[in-house]
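Visitor: What follows is a predicted protein model with its sequence.
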Amino acid sequence: MYRYVDFWEVTKDALDYALDFYNSTLSVENRKYLLRSWDHLEPFPDVQHGLDLLKASNQNLYILSNGTPRMLSRVLKNAGLSSYFQDVISVDRVKAFKPNPKVYASLEEVTCIERRKILFVSSNSWDGAGAKSYGFPTAWLNRESGQADMLGFPSDYSFATLPQIANFLQR
């Protein structure tokens, strides 16, 4: 609708919607606690090893996320993962959410890397479809062996773990 609000506001609105939908309430303190949990998301068990492998093979790593810079900074810091990434790019730059092509263009602009030379990895099939539609080669991190969204732009590759992607790139 071209009425951008940042992902933190969307997150709070989604919580309030869910509470209303289920006719539930939370105290102010419990609501704050639940929202703060976003700062402490646990990475999947294979992430540290996969990132170590990617860094060892001299891959430049970037994050492109719908999250706000503040949300991303906190979760990466608390998970001990900040040092792996050259840059963390938020959709706040372009005031649009994935899969808007402006978001994927921002990755190309920030990194100064041609889209055909970027392997865009996502655990969300719809995000991979958006990136593929934009022109990135794509890999779906399909941890649950799920079925891809049928959006007309299937990922080029599918992997179950981050180390599998790292090993693929080392070939």
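Guide: That came through fine. Residues are numbered from 1 along each chain as shown.

Visitor: Quick check: residue 12 vs residue 25, distance?
Guide: Distance of residue 12 to residue 25, computed by CB to CB, to the nearest Å: 15 Å. In short, each C-beta sits where N, CA and C put it, glycine included.

Visitor: When these two are compared, which one has more neighbours?
Guide: Remark: of residue 12 and residue 25, residue 12 carries more neighbours, 13 against 9, as counted by other CB atoms under 10 Å.

Visitor: wait, what's in contact with the more buried one?
Guide: Contact analysis of residue 12 by CB atoms under 8 Å, 6 or more residues apart in numbering lists residue 35.

Visitor: Can you give me the separation between it and residue 127?
Guide: Applying CB to CB to residue 12 and residue 127 gives a distance of 22 Å.

Visitor: swap in residue 48?
Guide: With CB to CB as the criterion, residue 48 and residue 127 are 22 Å apart.

Visitor: ok, now residue 30?
Guide: Separation of residue 30 from residue 127 (CB to CB): 31 Å.

Visitor: how about stretch 24-33 as CSV, C-alpha atoms only?
Guide: Taking Å, rounded to 0.1, in the frame of the first residue of the first chain, the C-alpha atoms of stretch 24-33 are listed here in CSV:
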residue,chain,number,x,y,z
SER,A,24,-6.0,-12.9,25.3
THR,A,25,-4.3,-10.2,27.3
LEU,A,26,-0.8,-9.7,28.6
SER,A,27,0.4,-7.4,31.3
VAL,A,28,2.4,-4.5,30.1
GLU,A,29,5.5,-6.1,31.6
ASN,A,30,4.9,-9.5,30.0
ARG,A,31,4.2,-7.8,26.6
LYS,A,32,7.6,-6.0,26.9
TYR,A,33,9.3,-9.3,27.9
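
Visitor: For it, the averaged confidence score.
Guide: Mean per-residue pLDDT for stretch 24-33: 96.

Visitor: repeat for stretch 121-136
Guide: Here the average pLDDT along stretch 121-136 is 98.
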